[in-house]
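Participant: sharing a model that was predicted from the sequence below.
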Amino acid sequence: MSTSVIIPTLNEESVLEHTLKSIGQGVEIIVVDAGSNNSTIRTANKFTDKIVMSEKGRGIQMDNGARMASGDVLLFLHADTRLPDGWRERVADALKDDRVIGGGFRLKIDSSRFCFRMIEAMVNLRSRYLGLIYGDQAIFVRRDVFMAAGGFLGLPLMEDVDLIARLKKQGKVVLLDAKVITSSRQWERKGVLRTTLRNWMFLSLYYLGVSPERLYKKYYA
């Protein structure tokens, strides 16, 4: 079972090399860039010759990457999230069960601050008991199921939440015990409490029916 790793990027020179190193050898890597004006593409070229240029928007970028992929399994990886050792074997083991169509990893945040241990605990409890797996948890899915479901539908925001909800109607989505390590930069830059509350607010608005397009405009205003 072959795997393609798809990474959307936009000016990710500070984190991308560590992420790409965590993937390891023998895996198709597709970097989908939305117009970086720093050394992001030069860094990506050290690890893969499959660089796709795309419109800006994580959902659009990952859909474009998926169309280029040849793997039986697609794994969507944020540019600031590192995969754990043995991740390929863990994904393959989970997919030996024909009922399983995809899943994600537990989350660890790359910071020693205690507040992040609390965030990790909440994320991992949410993922395990509510089945809400987000993009920074390295979502993986069988390629045929992903394509049949319409992929990320090109959504600019909440693309991960929307995809997981649709996948759960098609089969079993699992949370692996292994942890990915994601950067704390978003929380550090905007404030831990503010960022957490803001994320909850946008998620609530999405569930109340506000379109991802409107949320995108508000999020990046």
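Facilitator: Cool, the structure landed. What you see is a predicted model, and the numbers here were worked out from it, not measured in a lab.

Participant: three-state assignment of Thr43?
Facilitator: helix (DSSP: H, G, I helix; E, B strand; the rest coil).

Participant: mind listing what it touches?
Facilitator: 13, 16-17, 20 (CB atoms under 8 Å, 6 or more residues apart in numbering). C-beta here means a position set from N, CA and C on the backbone, and glycine is covered the same way.

Participant: going by neighbour count, which of those comes out on top?
Facilitator: Leu16 (24 neighbours; other CB atoms under 10 Å).

Participant: tell me how far that one lies from Asp63.
Facilitator: According to CB to CB, to the nearest Å, Leu16 stands 20 Å off from Asp63.

Participant: and if you look at Asp93?
Facilitator: 27 Å.

Participant: between the two, who's got more neighbours?
Facilitator: Taking other CB under 10 Å, Asp93 and Asp63 do not tie; Asp63 has more neighbours (23 against 12).

Participant: for the more buried one, give me its contacts.
Facilitator: Asp63 neighbours (CB under 8 Å, 6+ apart): 151-154.

Participant: surely Met62 meets Val31?
Facilitator: No. Counting by CB atoms under 8 Å, Met62 stays clear of Val31, with 11.2 Å between them.

Participant: can you map out the strands along this structure?
Facilitator: Using DSSP state E, the strands of the chain run over 3-9, 28-33, 51-53, 73-76, 81-82, 100-109, 139-142, 172-182.

Participant: same list, those strands, but as CSV with mean neighbour count, mean pLDDT and distance to Arg214 please.
Facilitator: Output for those, formatted as CSV (neighbours: other CB atoms under 10 Å; pLDDT from 0 to 100; distance: least, CB to CB, whole Å):
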stretch, mean neighbour count, mean pLDDT, distance to Arg214
strand 3-9, 25, 98, 21
strand 28-33, 23, 98, 24
strand 51-53, 14, 96, 27
strand 73-76, 25, 98, 23
strand 81-82, 23, 98, 27
strand 100-109, 23, 97, 26
strand 139-142, 26, 98, 24
strand 172-182, 19, 96, 26
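
Participant: just send the ones you listed back as a markdown table, with distance to Val210 too.
Facilitator: Formatted as a markdown table, these follow (distance: least, CB to CB, whole Å):
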| stretch | distance to Val210 |
| --- | --- |
| strand 3-9 | 23 |
| strand 28-33 | 26 |
| strand 51-53 | 30 |
| strand 73-76 | 23 |
| strand 81-82 | 26 |
| strand 100-109 | 24 |
| strand 139-142 | 22 |
| strand 172-182 | 24 |
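
Participant: so for Arg117, which of these sits nearest?
Facilitator: Smallest distance to Arg117 across the strands of the chain (CB to CB): 8.3 Å, for strand 100-109.

Participant: tell me the angle that closest one makes with strand 172-182.
Facilitator: Angle, strand 100-109 to strand 172-182, by axes from the mean of the first three to the mean of the last three CA atoms, to 10 degrees: 30 degrees.

Participant: give me the sheet partners of strand 100-109 and which way each runs.
Facilitator: Here strand 100-109 has these sheet partners by DSSP bridges: strand 139-142 (antiparallel), strand 172-182 (parallel).

Participant: CA atoms of the last one as PDB?
Facilitator: Taking only C-alpha atoms (Å, rounded to 0.1, in the frame of the first residue of the first chain), the coordinates of strand 172-182 have been written out as PDB:
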ATOM      1  CA  LYS A 172     -14.700   4.100  10.200                       C
ATOM      2  CA  VAL A 173     -12.300   6.900  11.000                       C
ATOM      3  CA  VAL A 174      -9.700   6.100  13.700                       C
ATOM      4  CA  LEU A 175      -7.400   8.000  16.000                       C
ATOM      5  CA  LEU A 176      -3.900   6.500  16.200                       C
ATOM      6  CA  ASP A 177      -2.000   6.400  19.400                       C
ATOM      7  CA  ALA A 178       1.100   7.900  18.000                       C
ATOM      8  CA  LYS A 179       1.500  11.700  18.200                       C
ATOM      9  CA  VAL A 180       2.300  14.300  15.600                       C
ATOM     10  CA  ILE A 181       4.200  17.300  16.800                       C
ATOM     11  CA  THR A 182       2.900  20.700  15.700                       C
END
